[in-house]
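> Structure for this input, please:
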Amino acid sequence: MSENRMQFGLLVLCLLAPLAVGLVSGAATSDGVQTWYPGLVKPSFNPPSWVFGPVWTALYLMMGLALYLVWSRGLATEGVAVAVLLFALQLLLNGLWSWLFFGWQMPGWAFVDIGLLWVLIGITTVLFFRVSMPAGLLMVPYWAWVTFASVLNFAIWRLNA
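Prediction:
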């Protein structure tokens, strides 16, 4: 296989991985968003529901591109393997959050998850910056959004406890 085809295949894999997590998470959220979530007390800064889909889609694409920029340097390159592994771990926590919050309706445990997620995103972002400045920059909006989502998760949890 040519180098260009391998790089294209890696790009597709890197873009699809976060999007796949988003699709699986969507399965967890669809019922809860329509039945459970509307009945919750929410803080005044809660965005309208239509905001979440486009924001997450854009973030998943940026995350995938960031992963590609790091992974394409080669797993044998210093720092790349650890950065890719931490990316995978934070992606698992990202997917788990939707199941905890919407699927299983456990906002307290979802807050624990998103706290761990926030830490892993921060570490992953720092590691990505060390490998590729553009990759690190692509992770910053994701980290910022999860910061906001953490505050929102906490507020909803406390308002409905």
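> before we move on, what SS does the residue positioned nearest the centre of the chain have?
Residue closest to the mean C-alpha point of the chain, counted by Cα atoms, centre = their mean, is Asn94 at 4.7 Å. On the three-state scheme (DSSP: H, G, I helix; E, B strand; the rest coil), Asn94 is labelled helix.
> My guess is it contacts Leu117. True?
Yes - the criterion here is Cβ atoms under 8 Å, and Asn94 meets it with Leu117 at 6.0 Å. From N, CA and C alone the C-beta is placed, and that goes for glycine too.
> ok, and what's touching the helix or strand hosting Thr125?
Using DSSP states H and E, Thr125 sits within helix 107-131. For helix 107-131, contacts defined as Cβ atoms under 8 Å, 6 or more residues apart in numbering pick out 66, 69-70, 73, 77, 79-80, 82-83, 86-87, 89-90, 93-94, 96-97, 100-101, 135-140, 142-143, 146-147, 149-150, 153-154, 156-157, 160-161.
> Stretch 7-22 too?
1, 56-57, 59-61, 63-65, 67-68, 71-72, 91-92, 94-95.
> quick one: the helices in this structure?
In the chain, the segments counted as helices under DSSP state H are 3-35, 52-71, 80-98, 107-131, 133-159.
> Lowest average pLDDT across these?
The minimum mean pLDDT among the helices of the chain belongs to helix 3-35 (a mean of 92).
> So which bits of it are buried?
The neighbour-count check on helix 3-35 (16 or more other Cβ atoms under 10 Å) flags Leu11, Cys14, Leu15, Ala17, Pro18, Val21, Gly22, Ser25, Ala28, Thr29, Gly32 as buried.
> what about the third one, distance to Leu138?
To tie it back to what came earlier, the one meant is Leu15. 12 Å (Cβ to Cβ, to the nearest Å).
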